[in-house]
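[1] Fold the following and give me the result.
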Amino acid sequence: MNIYVLVKRTFDTEEKIAISGGEIVEQGAEFIINPYDEYAIEEAIQIRDANGGEVTVITIGDDEAEKQLRTALAMGANKAVLINVEDDLEELDEYTSAKILAQYLKDKEVDLILAGNVAIDGGSGQVGPRVAELLGINYVTTITNLEIDGNAVKIVRDVEGDSERIETSLPLLVTAQQGLNEPRYPSLPGIMQAKKKPLEELELDDLDLDGEEVAAKTQTVEIYLPAAKKAGRVLEGELADQVAELVNLLKNEAKVV
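    Predicted structure coming up:
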């Protein structure tokens, strides 16, 4: 089975992010594999182990993205592909990413493509479905369970606090939701093996694309940090007094009643 995983390098949102001149300061920032993509990688590895085949992880970015690809290889992926656009594109959006990824995948014998449900730095959830549309294959988003039997696939997906069961067939693209699995940590042997696993680097020319052809359709107007929140307040005293004070605060300070 030929399994591909779409991976994005993102800021570690657990770390402090600085903004200067309307742009995120990358120097000194921590970067990780998008957490939802880790679920996709883990599921791909489990499916390969159960059905045979190989797992290829793909990302778009610059030389720095090699670190995240090596992490995916250390988790257990077989191969990695870096599509380096540093010299061709200043900005990437969902349209650009999907066009590039689909161009790479269109001539491959694809059985299954996995991606994260959303990227924590953008949250649009568009790239996976766009790739599937461009390839003309089925897709299901926000999955929490995946069973493959030959060409038949049974899926459970998250829908607004409930679940939906779907039956479909390969080839297929799915996006992984939290709860699909528990991503593994790279082991020391895995880290050592990852150094020897193939990592192919391509540029747009290798895909018969040019920068204008895949130029972003959207523009980032402004980037800013959320406004600082006031500290919470703990009410004390008798319950009746707390209720009275709460009503007073909601009416006169918060002005919501």
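
[2] quick one: the strands in this structure?
    Remark: strands assigned in the chain by DSSP state E are 2-6, 9-11, 19-20, 23-24, 31-33, 54-61, 79-84, 112-116, 138-149, 152-159, 162-169, 172-176, 199-202.

[3] What sits closest to Thr218 if chain neighbours are left out?
    Asp93 (4.6 Å; CB to CB, 6 or more residues apart in numbering). Heads up, the C-betas are built off the backbone N, CA and C, glycines and all.

[4] Pretty sure the one you found sits against Ala215.
    No: counting by CB atoms under 8 Å, Asp93 sits too far from Ala215 to count as a contact (9.2 Å).

[5] And these two? Which one has more around it.
    Higher neighbour count among Asp93 and Ala215: Asp93, with 19 against 16, using other CB atoms under 10 Å.

[6] Run through the residues that contact that one.
    Ala216, Lys217, Thr218 (CB atoms under 8 Å, 6 or more residues apart in numbering).

[7] Dump these to CSV, plus distance to Asn2.
    Shown next, in CSV, are those (distance: CB to CB, whole Å):
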residue, distance to Asn2
Ala216, 30
Lys217, 30
Thr218, 32
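
[8] Highest neighbour count among these?
    The residue in the contacts of Asp93 with the most neighbours, by other CB under 10 Å, is Ala216 (15 neighbours).

[9] What's the separation between the closest residue to that residue other than its chain neighbours and Tyr139?
    Nearest non-adjacent residue to Ala216, counting by CB to CB, 6+ apart: Asp93, 4.1 Å away. According to CB to CB, to the nearest Å, Asp93 stands 19 Å off from Tyr139.

[10] Distance check, Lys176 against Ile120.
    Lys isn't right for residue 176; it's Ala. According to CB to CB, Ala176 stands 13 Å off from Ile120.

[11] Same question for Val110.
    Distance from Val110 to Ile120, by CB to CB: 26 Å.

[12] out of the two, which sits in the busier spot?
    Comparing Val110 with Ile120 by other CB under 10 Å, the one with more neighbours is Val110, at 19 against 16.
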